[in-house]
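Novice: Got a predicted model here, sequence first, then my questions.
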Amino acid sequence: MIDPSAFASARREPRPGAHLALERRARRRYQLLAPAVSCLLLASSAWGQTWREIGPAPLAGLEFAGRAAAIAPSARRNNRYYVAAASGGVWESVDGGAFWRARHDGLPTLSIGALALDPHNDRIVYAGSGEANTAYHSLYGLGLYRSTDRGVTWQVLGADLFSGLAFARLQVSPYDSADIWAALGRAGGTFRGLEGARQHPRRKARSGLYRSTDSGASWSRVRGGLPATSASDVDLDPEDPSRIFAAFGDAYGRVRNGIYRSTNGGRTWHDLRLVPDTFSFGRPMLAIAPSDPRRIYVQLVGASSRRRAGGFSPSGSTTQALLRSDDGGDTWQRLTPPSIHGNQGNYDTAIAVDPRDPDTVFLGGVRALRSRDGGLTFTDITPPHVDLHDLAFDARNRLLAATDGGVYRSRDLGSSWQARNDGLGTMQLYAGLSVHPDDPGVLLVGTQDNGTQLRRGGRSWTLVFGGDGGFTAIDPANPSMLFVEFQGTANLFRSNNGGLSFNQVANGIDPNDRNVFLPPFLIDPSTPGRMLYATHRIYESLDRGNRWQPISGDLTGGAPWAVRALAIAPSDPSYVYAATNDGRLLASRDHGAHWLLGFEALGGWPRVTRQIAIDPQNARVAYAADMRFGGARVLETRDGGETWQSVGHALADRPVNTVAVQRAGNRRFLLAGTDDGVWLTTNSGGRWSRYGSGMPPVPVQDLVVDARHHRLLATTLGRGVWTTSLPAANPAAANARER
């Protein structure tokens, strides 16, 4: 239970309205990133370390990569493809996906939601930042990017207009390359203030349909009867420049969600009213048949629920209907495909029509379907990895799919698939990386929809457990004992043979407890056999997970919240710190039995993080990351959690996702993993500098100090695992060799 009497001093709580004042100051301070600023941020720091990416890219054997949000093949060259990694940047392949290379130098953010190529010059690439899929890891954008040299260099466009939003679709007119259309939505998430926008100052800017007539240099929001809500898709008639279709679909359902048509080049729009007013649906997607523009398809999914106790995931967004028009949108037929979306249609929905046959249509969701008779009957054609976000055809009419596992290609319209992920280093990793106590080549980490992966050295990674991989642990006393989990409460498993097999070890954990999708758990670093596991309360095991019992009450403010971060002091295991996803920061001095609420306005992600770090030599000194714009950046306590102060005021205004502490003699090094790489302070936050060079501006989810092998490890949301040497008393110390 939370017991204020556990400490002598009263807790420090934020002043009423303090978060609003912080946000107002953030708006005044916040400056939109430009190429010159981006180049400055990417420059080498005063610390001589160089970051090195060590995979997985892709996962060996299964050939899975990280989530691909969009794919854009050239219409002129058979094997030139571009892919937008959800938070891993823009990648190009010139050999049909046999190998990929990153094309994102100079981009302010690697969160990319939409791509488009100039149909008359495929060297010109447009990348819309921010991902409009409604998941917590679908992050905010910082503008539109244009390259005229196939992604070698980029120009930032519309930063003052589009920052904080997310691109759902980009279309370049086949009639005029300067004419560009953009569908803009919101960054992901379910709870206000905790969505993927991370409280960006412009998170409430106007979404909708935008148009540029000067190759992206300037933009205007298209109105003329369109609703003031998120746009989910736009398509242009390939034979009639006056006819344009736009899909509007707030994921949580609004009265004006729907399909709109313009017959005068976008000056005025008409709601086609495809469904009754009482029908609630979310994010629609549409496609015009290239070979017969009179044929139009619309895929509808249900509206998501904003609240669901337990998993913090949108629900209710199931497959609703496929609508077909044979007369350019005047009349419509409602068809009923098999259910393929589960409850996450607003996260993974895609549609495409065979360029040669208007009757052959493809639908993507969790699974994929093909119809050869205009939507009357369907065949399942799901690629090797589920969860589809985009479908497209290359210049040779081969079908391409962008999925949570990367890119797949089919030569036979989906009857068979081939992975095209070699070199695509876009794996999205969660917090909870584990290191082997003796062998630096062995790492264990959980991933977004690609299970838990084990590295045994070099770039060789193996999938050892499925689902969404969460926190992990390697027993320091018995390194062949591994702990992994997948999403949900009590889904904790242990291997006694180095990952060859696993058994559930959750006896005593109530599966009905609330969770943060991937509950945090820890091995006590100084007490063999002792572990902690967090739901909305704390559980303890004294026998390596065989039996568990609750040792605390609810640490949150009530349903639907849960504990998202947990830390045990290395120097004194009686000190335990926790953070909840309703913003509470708590501390215990008696192994977790009683808790003090020290802070109540900590910003963060609804899912599991390594948000707290404790000084390895002093259990009373701890740090917490503030994962939002306009916040404290980093908080510090020096009295065991009674009071917390900001030590991040000198750090640029960006979300901090994770913190780590290293001690070298009497020096304390505080590291912050942000949405833009890793930063370091050696004087308690008085001055911060970028730590190391070589890492792109990718969100860092976890930082692990491996003092035994003098290295720092970082997991990223979109670019795999990175490593460099730890800071030393002498900043010019040579990099340690990572084996």
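Specialist: Cool, the structure landed. Numbers count the residues shown, from 1 in each chain.

Novice: Where does residue 630 fall, secondary structure wise?
Specialist: For residue 630, there is no host helix or strand (DSSP states H and E).

Novice: mind saving the C-alpha coords of stretch 615-634 as PDB?
Specialist: Output in PDB follows, covering the C-alpha atoms of stretch 615-634 (Å, rounded to 0.1, in the frame of the first residue of the first chain):
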ATOM      1  CA  ASP A 615      22.900   5.500  -8.500                       C
ATOM      2  CA  PRO A 616      24.800   2.200  -8.200                       C
ATOM      3  CA  GLN A 617      26.500   3.400  -5.000                       C
ATOM      4  CA  ASN A 618      23.800   5.400  -3.300                       C
ATOM      5  CA  ALA A 619      20.300   4.000  -3.100                       C
ATOM      6  CA  ARG A 620      18.900   7.400  -2.000                       C
ATOM      7  CA  VAL A 621      19.900   9.000  -5.300                       C
ATOM      8  CA  ALA A 622      17.600   8.100  -8.300                       C
ATOM      9  CA  TYR A 623      16.500   9.700 -11.600                       C
ATOM     10  CA  ALA A 624      13.300   9.500 -13.600                       C
ATOM     11  CA  ALA A 625      12.700  10.300 -17.300                       C
ATOM     12  CA  ASP A 626       9.900  12.700 -18.200                       C
ATOM     13  CA  MET A 627       8.600  11.400 -21.600                       C
ATOM     14  CA  ARG A 628       7.000  14.500 -23.100                       C
ATOM     15  CA  PHE A 629       7.500  17.900 -24.500                       C
ATOM     16  CA  GLY A 630       7.400  20.800 -22.100                       C
ATOM     17  CA  GLY A 631       8.100  18.700 -19.000                       C
ATOM     18  CA  ALA A 632      11.000  18.400 -16.600                       C
ATOM     19  CA  ARG A 633      13.000  16.200 -18.900                       C
ATOM     20  CA  VAL A 634      14.800  14.400 -16.000                       C
END
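
Novice: Return the residues in contact with the nearest residue to residue 372 once chain neighbours are set aside.
Specialist: Nearest-residue entry for residue 372: residue 360, 5.2 Å, with adjacent residues in sequence omitted and distances by Cβ to Cβ, 6 or more residues apart in numbering. C-beta coordinates here come from the backbone N, C-alpha and C atoms, glycine included. Residues near residue 360 by Cβ atoms under 8 Å, 6 or more residues apart in numbering: 353-354, 370-372, 413.

Novice: now residue 360: how far from residue 295?
Specialist: As defined by Cβ to Cβ, to the nearest Å, residue 360 lies at a distance of 11 Å from residue 295.

Novice: Give me the common contacts of these two.
Specialist: What both residue 360 and residue 295 touch, as defined by Cβ under 8 Å, 6+ apart, is the set residue 353.

Novice: I figured residue 699 was touching residue 675, is that so?
Specialist: Yes. Here residue 699 lies in contact with residue 675, judged by Cβ atoms under 8 Å, at a distance of 4.6 Å.

Novice: which of these two has more neighbours?
Specialist: residue 699 (29 against 23; other Cβ atoms under 10 Å).

Novice: hey, where'd the helices end up in the chain?
Specialist: 18-29, 35-42, 159-162 (DSSP state H).

Novice: Which of the ones you listed comes out lowest on mean pLDDT?
Specialist: Lowest mean pLDDT within the helices of the chain: helix 35-42, at a mean of 34.

Novice: so what's the most centrally placed residue in the chain up against?
Specialist: Nearest to the mean C-alpha position of the chain, by Cα atoms, centre = their mean, lies residue 137 at 2.6 Å. Residue 137 makes contacts with 86-87, 188, 196, 428, 448, 607, 717, as judged by Cβ under 8 Å, 6+ apart.

Novice: buried subset of those residues?
Specialist: Buried by 16 or more other Cβ atoms under 10 Å: 86-87, 188, 196, 428, 448, 607, 717, out of these.

Novice: hang on, the earlier thing: give the residues shared as contacts by residue 699 and residue 675.
Specialist: Common neighbours of residue 699 and residue 675 (Cβ under 8 Å, 6+ apart) are 139, 655, 657.

Novice: between these, which is closest to residue 133?
Specialist: The nearest member of the shared contacts of residue 699 and residue 675 to residue 133, counting by Cβ to Cβ, is residue 139 at 10.2 Å.

Novice: How many residues are close by the closest residue to that closest one other than its chain neighbours?
Specialist: Closest residue to residue 139 apart from its sequence neighbours, by Cβ to Cβ, 6+ apart: residue 111 at 4.1 Å. Residue crowding around residue 111 was assessed by other Cβ under 10 Å; the count is 33.

Novice: could we number from 505 for the rest of this?
Specialist: Right, with 505 as the first residue, what we last looked at is residue 615.

Novice: Contacts only, for residue 615.
Specialist: So residue 615 contacts 590-591, 633-635, 642-645, 670, 1203, 1222 (Cβ under 8 Å, 6+ apart).

Novice: Now do residue 641 against residue 1128, distance only.
Specialist: In terms of Cβ to Cβ, residue 641 sits 21 Å off from residue 1128.

Novice: Likewise for residue 1023?
Specialist: Relative to residue 1128, residue 1023 is positioned 18 Å away (criterion: Cβ to Cβ).

Novice: give me the low-pLDDT residue ranges for the stretch 555-704 of the chain?
Specialist: In the predicted model of the stretch 555-704 of the chain, residues 694-698 satisfy pLDDT under 70.

Novice: please redo it, this time with the cut-off set to 80
Specialist: Along the stretch 555-704 of the chain, segments meeting pLDDT under 80 span 563-566, 609-610, 693-699.

Novice: What of the stretch 805-954 of the chain?
Specialist: Counting by pLDDT under 80, the ranges of the stretch 805-954 of the chain that qualify are 809-820.

Novice: End to end on stretch 655-665, go ahead and measure it.
Specialist: 22 Å (Cα to Cα, to the nearest Å).

Novice: ok, and what's touching it?
Specialist: Counting by Cβ under 8 Å, 6+ apart, 536-539, 542, 586, 594, 596, 607-612, 629, 631, 646-651, 709, 714, 720-721, 723 sit against stretch 655-665.

Novice: Buried only: go through these for me.
Specialist: Here, 16+ other Cβ under 10 Å leaves 536-537, 539, 542, 586, 594, 596, 607-608, 610-612, 629, 631, 646-651, 709, 714, 720, 723 buried among the contacts of stretch 655-665.

Novice: Select from the residues you listed every entry located in strands.
Specialist: Mapping these onto strands (DSSP state E) picks out 586, 594, 596, 629, 631, 648-651, 714.

Novice: that older thread, would TSV of the contacts of residue 864 with neighbour count and distance to residue 570 be doable?
Specialist: Output for those, formatted as TSV (neighbours: other Cβ atoms under 10 Å; distance: Cβ to Cβ, whole Å):
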residue	neighbour count	distance to residue 570
857	23	28
858	19	28
874	20	26
875	20	30
876	15	32
917	18	26
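
Novice: which of those lies closest to residue 956?
Specialist: The closest of the contacts of residue 864 to residue 956 turns out to be residue 874 (Cβ to Cβ; 32.4 Å).

Novice: Enumerate the beta-bridge partners assigned to that closest one.
Specialist: residue 866, residue 883 (DSSP bridges).

Novice: burial count for the nearest residue to residue 941 once chain neighbours are set aside?
Specialist: For residue 941, the nearest residue in space outside its immediate sequence neighbours is residue 980; the separation is 4.6 Å by Cβ to Cβ, 6+ apart. Neighbourhood size, residue 980 [other Cβ under 10 Å]: 17.

Novice: Then residue 1001?
Specialist: 10.

Novice: contacting residues around it?
Specialist: Per Cβ under 8 Å, 6+ apart, neighbours of residue 1001: residue 984.
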